[in-house]
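1. Take a look and give me a structure for this.
(4 chains)
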Protein chains: 2
Amino acid sequence: MRSEKPKLAVIAETLGVSVATVSNALSGKGRVSPDLAERIRETARALAYVPSMAGRALRTGRSGVLGLVLPDISNPLFPQIAQAIEQAASTAGYGVLIGDSRGHTGVQTETIERLIDRGVDGMVVIPRRGTRISDIGCPVAVIDTPSTPGNTVSSDHWDGGRQMGAHLRALGHRKVLILAGSPLSTVQNDRVGGLKAGLGPGADVEVVWLETLASPNAPDLAPDRAPEHSLNLAARVEQGVTAFAALSDLTAVRALTELQGAGIAVPEAASVAGFDDLIWSSVVTPSLTTLRMDMAEIARLAVSALTAVIEGLPRARVAASGTVTAERSSVPMMLVVRQSTGPCRTIVPKAVEGIVR
Amino acid sequence: MRSEKPKLAVIAETLGVSVATVSNALSGKGRVSPDLAERIRETARALAYVPSMAGRALRTGRSGVLGLVLPDISNPLFPQIAQAIEQAASTAGYGVLIGDSRGHTGVQTETIERLIDRGVDGMVVIPRRGTRISDIGCPVAVIDTPSTPGNTVSSDHWDGGRQMGAHLRALGHRKVLILAGSPLSTVQNDRVGGLKAGLGPGADVEVVWLETLASPNAPDLAPDRAPEHSLNLAARVEQGVTAFAALSDLTAVRALTELQGAGIAVPEAASVAGFDDLIWSSVVTPSLTTLRMDMAEIARLAVSALTAVIEGLPRARVAASGTVTAERSSVPMMLVVRQSTGPCRTIVPKAVEGIVR
DNA sequence: CGTATTCGCTTAAACGATTAAGCAACGATG
DNA sequence: CATCGTTGCTTAATCGTTTAAGCGAATACG
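-> Modelled structure (predicted):
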């Protein structure tokens, strides 16, 4: 086997030119005759030359790697996000380094610093709810919650809520229970607001926050704590609730199975809807009506904003990093109507039926 | 603000010593007087010195980054894996770079090469089912399927199946339907084998493979295709099946909701069990009995095997990289009994009831 | 007392890429 | 013919770290 692993010097030596010329030819920057440039590219290909990221990083100060900071990987929304970001970053020529805060707000800062120390060129941050990302010394794109500068890209959660509300209203639902998670979440509050707006002024809407304020620092999902007590949804149905709008598919599936377990048919007796179109939503029976985020678009926006900033400021030191002029975008959500929502059955509780007519 | 960002030279200059001494002091390698060493560490701390990964990587040839190659991030098992690996790698001082094959076998090789080109020191690979990892030029730890050398760490899926089978047998189930995914998956075949063994020789076991051989290159989960046709589990119950053992919680939840939708009570009329303890399993009603992998342990083993190899071979070139002597380990799975499995109701189909007695 | 052997530090050479600056040669222009 | 500007390449410096080699001075040993 040819032991010499290809670096610029090898190509240079092969063709009898200098490394600088090779570098110029491959990057297309300096002045190289078209003829020679072609020959250089050719031998580079022949030798299967791959530039050393380390060497390049040292010289240019850029690593070609983005950090992905998550509040908690175990959040089931993560796969969608990770895949979209990885895809977008990868096509933009960047690698993605994982940073997980494991549900602790304090760890978030630490995680971010570890990534910076590793030399990421920028980072996509999905902040833990209620936290804001302080100005760190590198370009940041924040997903899903407004942050200090304008570098935020997010789904239009409010409008998503509105779409869902309108959908339920169109089906005739007037008494709706919203199953929410934590009142600290901006996202969830947006969705609640939109839902109420979409349901219209006459609707009878109640919100139940499943996560108590008592544990604001608990992990996003506390699976071992949550199922302790049932949500008592059957009682709600008897009280006249005809639709349950969960702010997450996780909760929606929980509601669905609880209702089914109590012998309440979905969607005949009560409708159930969720958010995020997690993978389960299409698999359960009945499949869940839900709102899907356009993760690909969000990721594309976040990454392109990031790369623009990164490749924009030439070799500036940490100095003017506040100049992170990313577009503040709002990406529409998409209503996916499946089987778990249906027309509202005229409210005729069995007990009263005889009396009414 | 002090503009000078701390590098070795700054510390050296501050104390009037040479950079080499500073490097030695901080790494603890060369010969430095304890006194000076302490002063160096102190000023390093004071200046908030962080070594440049780029510089170090260039010199040492090691980047301090591991690659994580996944067949498909959208697999709901991914969060568990990613979190465990990130945790293990992070405590071992390594970063984790994501590489996603998006369900395509062909992309897997490409993904691996991209990571190598990025200079990872080693990689954890969860191969697409049916594929083996050819000898690439860097240390590899393979999870969940036997690979070329001995560098594999995996759950004991067979024994997991056996545990589940034994559990069901203890509850009195003799007629069991196994809901499997793809027959190409070694993991799933192991689980099936274990299940059969655990259920004992007298049991009436049938296996249904949900994924046809027709689409061997399709993504792991085809959520839009899967729910097309129901699994027809109600009919199975009428045929006398009392327990459904799904090889994935995803399928288990699917089975659970389908049964509930058909008015079949779980676990009274039929038991349902799954694998992997995905986050949903504890949230649905009834909560799922399932088998949990010890992801933390698997990740720890994989990462430590990797780091051992990496830090073992000093600065050897690609030459003897075949010497990847990682331990081939099998990590036990843990049965989590919840509400979805219960004692087998003596089989007295309603239609026959009157006749029997 | 002369010669080894440590100790404690410095000098210097890598690692592989980028890039500013320089230098011949050549054609065009005054 | 002298000068200027291009073109096409090379020289050399630089990024920040590690590490082999070197070199006085102090200590040990015969």
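2. okay, now the residue lying closest to residue A:261 once chain neighbours are set aside: neighbour count?
-> Once flanking residues are discounted, residue A:261 sits nearest to residue B:285: 4.5 Å by Cβ to Cβ, 6 or more residues apart in numbering or on different chains. (Glycine included, C-beta is placed from N, CA and C.) Residue B:285 sits with 24 neighbouring residues when counted by other Cβ atoms under 10 Å in any protein chain shown.
3. Can you show me the helices along the stretch 201-350 of chain A?
-> Across the stretch 201-350 of chain A, reading from the start of the chain, the helices by DSSP state H, counting those that start in this stretch fall at A:233-238, A:249-261, A:295-312, A:350-356.
4. just checking, what packs against the longest one?
-> Other helices and strands packing on helix A:295-312, by 3 or more Cβ pairs under 8 Å, 6 or more residues apart in numbering or on different chains; DSSP states H and E, are helix A:78-91, strand A:122-125, strand A:140-143, strand A:152-155, strand A:329-331.
5. Run me through the strand neighbours of the third one, direction for each.
-> Strand A:140-143 has the following sheet partners, assigned by DSSP bridges: strand A:122-125 (parallel), strand A:152-155 (parallel).
6. Now render these as JSON lines, adding distance to DNA strand C.
-> Compiled in JSON lines, these are given as follows (distance: least, Cβ to the nearest atom of the strand, whole Å):
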{"stretch": "strand A:122-125", "distance to DNA strand C": "18"}
{"stretch": "strand A:152-155", "distance to DNA strand C": "29"}
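7. mind checking which of the ones you listed is nearest residue B:18?
-> The stretch from the strands paired with strand A:140-143 with the least distance to residue B:18 (Cβ to Cβ) is strand A:122-125; that distance is 34.8 Å.
8. Pick the most deeply packed of the helices and strands packed on helix A:295-312.
-> Using mean count of other Cβ atoms under 10 Å in any protein chain shown, the stretch among the helices and strands packed on helix A:295-312 with the largest mean neighbour count is strand A:122-125, at a mean of 28.
9. Output it as CSV, nothing but the C-alphas.
-> As requested, C-alpha coordinates have been extracted for strand A:122-125 and formatted as CSV (Å, rounded to 0.1, in the frame of the first residue of the first chain):
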residue,chain,number,x,y,z
GLY,A,122,-21.7,28.7,15.7
MET,A,123,-24.6,27.0,17.3
VAL,A,124,-28.2,26.1,17.0
VAL,A,125,-29.8,26.4,20.4
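10. pLDDT averaged over it - what is it?
-> Rounded to a whole number, the mean pLDDT of strand A:122-125 is 94.
11. Also stretch A:257-265?
-> Per-residue pLDDT values over stretch A:257-265 give a mean of 94.
12. list the buried ones in it?
-> Judged by neighbour count using 16 or more other Cβ atoms under 10 Å in any protein chain shown, the buried positions of stretch A:257-265 are A:257-262, A:264.
13. Start and end of that stretch, how far apart?
-> Terminal residues of stretch A:257-265 lie 10 Å apart, using Cα to Cα, to the nearest Å.
14. Enumerate the residues of chain A near DNA strand D.
-> Remark: the part of chain A in contact with DNA strand D comprises A:16-21, A:24, A:30-33, A:35-37, A:55, A:58-59, A:61, using Cβ under 7 Å from any atom of the strand.
15. List buried residues within those residues.
-> For these, buried by 16+ other Cβ under 10 Å: A:17, A:21, A:24, A:32, A:37, A:58.
16. ok, the residue nearest to residue A:261 - contacts?
-> A:227, A:230, A:254, A:257-258, A:260-261, B:339 (Cβ atoms under 8 Å, 6 or more residues apart in numbering or on different chains).
17. Closest one of the buried residues of stretch A:257-265 to DNA strand C?
-> Nearest to DNA strand C among those: residue A:257, at 55.4 Å, using Cβ to the nearest atom of the strand.
18. a strand runs through residue A:191, doesn't it?
-> No - assessed with DSSP: H, G, I helix; E, B strand; the rest coil, residue A:191 is helix; it does not lie in a strand.
19. Show the model's pLDDT score for it.
-> The predicted local confidence for residue A:191 comes out at a pLDDT of 96.
20. just to revisit the earlier point, mind checking which of the residues of chain A next to DNA strand D are in helices?
-> Using DSSP state H, the subset of these located in helices is A:19-21, A:24, A:35-37, A:55, A:58-59.
21. Widest-spaced pair of the residues you listed?
-> Distances among these were taken as Cβ to Cβ; the most separated pair is A:35 and A:58, at 31.5 Å.
22. quick one on the thing from earlier: make a markdown table from the strands paired with strand A:140-143 and add distance to residue A:312 to it.
-> What follows is the strands paired with strand A:140-143, written out as a markdown table (distance: least, Cβ to Cβ, whole Å):
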| stretch | distance to residue A:312 |
| --- | --- |
| strand A:122-125 | 11 |
| strand A:152-155 | 17 |
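23. who's in contact with residue A:136?
-> With contacts taken as Cβ under 8 Å, 6+ apart, residue A:136 has the following neighbours: A:112-113, A:116.
24. just those residues now: which is nearest residue B:195?
-> Distance to residue B:195, by Cβ to Cβ, is smallest for residue A:112 among the contacts of residue A:136, at 44.9 Å.
25. Is the closest one in a helix, a strand, or coil?
-> Following three-state DSSP, residue A:112 is assigned to helix.
26. ok, now how distant is it from residue A:302?
-> Here the distance between residue A:112 and residue A:302 works out to 16 Å (Cβ to Cβ, to the nearest Å).
27. out of these two, which sits in the busier spot?
-> residue A:302 (33 against 23).
28. I figured the more buried one hits residue A:152, correct?
-> No - proximity of residue A:302 to residue A:152 does not meet the contact threshold set by Cβ atoms under 8 Å, at 9.0 Å.
29. any residues in contact with both of these two?
-> Applying Cβ under 8 Å, 6+ apart, one finds that residue A:302 and residue A:152 are jointly contacted by A:141, A:143.
30. The closest residue to residue A:176 other than its chain neighbours: neighbour count?
-> Closest residue to residue A:176 apart from its sequence neighbours, by Cβ to Cβ, 6+ apart: residue A:243 at 4.7 Å. A count of nearby residues for residue A:243, using other Cβ under 10 Å, gives 29.
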